[in-house]
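# Structure for this input, please:
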Amino acid sequence: METNRTPLYDASDNPTGCCPRFKPDGWDDQTLHFEDKPFVRAKTRSVLHVPVNMGKVFEKTFHAIEDADAMEEAQSIVLSRDLSSWSAEHFFAVTKDVEGEEMSSLSGDFRTKVFEGAYREAPTWIETFTSELEAEGFDVSEVFFFYTTCPKCAKTYGRNCTVAVAHVKERDAE
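Numbering: from 1, shown residues only. As a prediction, the model looks like this:
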């Protein structure tokens, strides 16, 4: 995988007009290498891990990214993680700085795993993925999720795929 690239994301297969149909081919068990990869960082509010303003925040952020011509659709990814029961942060991949938005960057190696099921299974996915990576000799510093479709689109498509993206570092051989 090239530095700062993700697996291809086909946005053209979009019968709902909302979220494209996710094709997991090429996303499972990948290693991503980021070096100061630019992202717009946004925060959402939650109540016991259930987002309450995600739609508005995502809409506003995507509009700002589109207005700045900073989106590369084939490389589109939003990495999300809960900060607490009451808030989450989201990193929207961009090609350049977006005026008026909080900019951030990520660097390091990231491993991916595709899961299918309800969002409420995320804690189990984190535990499973972290255990697998640790058994392979990696230390995991954080796990993000790429929620490939909203709940409405997942229902329409009949499946709900989520990509776990773990920031990893290979353990030194002893």
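
# what's the offset of the helix or strand in which residue 131 is found from the middle of its chain?
For residue 131, the host element (DSSP states H and E) is helix 122-135. Centroid displacement of helix 122-135 relative to its chain, using Cα atoms, centre = their mean, to the nearest Å, is 16 Å.

# what's in contact with the next helix or strand after it?
Going down the chain from helix 122-135, the next helix or strand is strand 138-147, by DSSP H and E. By Cβ atoms under 8 Å, 6 or more residues apart in numbering, the residues outside strand 138-147 that reach it are 77-81, 91, 111, 119, 122, 125-126, 129-130, 133-134, 162-171. For every residue, glycine as well, the C-beta is placed using N, CA and C.

# any idea of the mean pLDDT in the biggest strand by length in the chain?
In the chain, with assignment by DSSP state E, the single longest strand is strand 31-47. Averaged across strand 31-47, the pLDDT comes to 97.

# residue ranges for the helices of the chain, please.
With DSSP state H, the ranges of helices along the chain come out as 54-67, 122-135, 151-157.

# what's next to the shortest one, contact-wise?
Right, the one you point to is helix 151-157. Taking Cβ under 8 Å, 6+ apart as the rule, helix 151-157 contacts 15-16, 18-19, 21-22, 119, 149, 160.

# Most widely separated two among the residues you listed?
15 and 119 (21.9 Å; Cβ to Cβ).

# Give me the more crowded residue out of these two.
residue 119 (15 against 10; other Cβ atoms under 10 Å).

# Can you tell me how far that one is from residue 55?
14 Å (Cβ to Cβ, to the nearest Å).

# if we can go back for a sec, the helix holding residue 131 relative to strand 138-147, how many degrees between them?
Per axes from the mean of the first three to the mean of the last three Cα atoms, to 10 degrees, the angle that helix 122-135 makes with strand 138-147 is 150 degrees.
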